[in-house]
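Engineer: okay, here's the prediction I keep looking at, along with the sequence it came from:
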Amino acid sequence: MTGQAHDRGAPVPVQHSAHGPEELCAQGREVYVRALREGRLRATEARSTPCLAAHGFLRPALDDVDWLEPVPPAVALHRLLRASEDRVADERRRSERLAESLEPLLRVSARSGTPPTEPLITVHSEKDHISSVLDESMAHATEVLAIQPHSSYTPSKVGYSKAALRRDQELLDRGGRIRAIYQHTLRHAPPVLARYEQLRGDVQARTLDEVTDRLIVIDRSVAFVPANADRSLALEVRQPALVAYLTTTFDRFWRLATPMHPQPVHQPTLNGITPRQRAIATLLTEGHTDTDIADRLGMNVRTARVHIAKLAATLGSESRAQLGYLIGRSGFLDREG
């Protein structure tokens, strides 16, 4: 009887489907909004929405564990973005290990059996030829997944050709979709934004602090990756296992990325530290040089140094050595909110 009286008025638990924090269910959103408005709610009232506690939107009250308090949305977002960045770094390391382990195998020619009619991996040279191969592969495609690092948009290459725009629009007109990931530094780049403003259809773009090298996956059956530093060589990959791996990598990056188009989402500035400064601070504590930081975050060295100077001013640092010490002492890289 006591237990029944304690649960009186609590919502009847319903079946709850597991989901990520980026897809908060309608019932969870309703309970979270009520908690924000009222300041707290009984733990029994959130039994039907375990996603809120699992993803850090609710936490037990310090004075009574039978009650739950809402975590402020900005704090929850900050913690979730930190976890996302850690997963992105793990994926980068996994991709690098995969490339290192498979590189010797790519050099091995088939020594027995009948070679396939269509090569599983083909090397293409010259950028004009690579573009024509891409056009041919996209002629009847209905899905394109792309990762475009900052280096793909140097001042000499920033224009988006009418031919490429027409090619993408034809794909969208067939009922297809385009998903693209850029670095945060391109969120406000006019040529990139103009590209998407001209396209009509199911096209979305998101951003991350760091991305892999350029990647294009077409219909999840063929992928294109650079084969050298200046992208004058490209690999056309049709080996199913490799294409599946690259597609999975893209999908995971996509879930971790911040929307840019059509509805942008902006990362919050917390305790005077901007998201960009936080990314720089992480790399500083890992011992990277200004040049390395600029390259990994997709900015020039001068811009990186401006951000470092602002970070130093925020923390009250007077030297590079002291800055590293203050970053560690502040704990803002490890703080969960």
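Structural biologist: On my side now, so go ahead.

Engineer: check contacts around the residue nearest the centre of the chain.
Structural biologist: Among the residues of the chain, Ala257 comes closest to the average C-alpha position under C-alpha atoms, centre = their mean, at 2.6 Å. Taking C-beta atoms under 8 Å, 6 or more residues apart in numbering, we find Ala257 in contact with Ile181, Arg206, Thr207, Leu208. (Each C-beta comes from the backbone N, C-alpha and C, glycine too.)

Engineer: in a markdown table, list those residues along with neighbour count, pLDDT and secondary structure.
Structural biologist: Listed next are these as a markdown table, based on neighbours: other C-beta atoms under 10 Å; pLDDT from 0 to 100; DSSP: H, G, I helix; E, B strand; the rest coil:
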| residue | neighbour count | pLDDT | secondary structure |
| --- | --- | --- | --- |
| Ile181 | 24 | 93 | strand |
| Arg206 | 20 | 92 | strand |
| Thr207 | 23 | 89 | strand |
| Leu208 | 22 | 87 | strand |
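
Engineer: would you mind naming the residues that bridge with the closest residue to Ala227 other than its chain neighbours?
Structural biologist: With C-beta to C-beta, 6 or more residues apart in numbering as the criterion, Ala227 has its nearest non-adjacent residue at 3.7 Å, and that residue is Leu233. Going by DSSP bridges, Leu233 is paired in beta bridges with Ser125.

Engineer: count of residues packed around Leu233?
Structural biologist: 15 (other C-beta atoms under 10 Å).

Engineer: quick check: which element contains Ala294?
Structural biologist: helix 290-297 (DSSP states H and E).

Engineer: which elements pack onto that helix?
Structural biologist: helix 275-285, helix 301-315 (3 or more C-beta pairs under 8 Å, 6 or more residues apart in numbering; DSSP states H and E).

Engineer: among those, show me which one is buried the most.
Structural biologist: helix 275-285 (a mean of 20; mean count of other C-beta atoms under 10 Å).

Engineer: quick one, it and helix 290-297 angle?
Structural biologist: Per axes from the mean of the first three to the mean of the last three C-alpha atoms, to 10 degrees, the angle that helix 275-285 makes with helix 290-297 is 130 degrees.

Engineer: now the helices and strands packed on helix 290-297 in JSON lines, please, with extra columns for distance to Pro149 and mean pLDDT.
Structural biologist: Shown next, in JSON lines, are these (distance: least, C-beta to C-beta, whole Å; pLDDT from 0 to 100):
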{"stretch": "helix 275-285", "distance to Pro149": "15", "mean pLDDT": "80"}
{"stretch": "helix 301-315", "distance to Pro149": "16", "mean pLDDT": "83"}
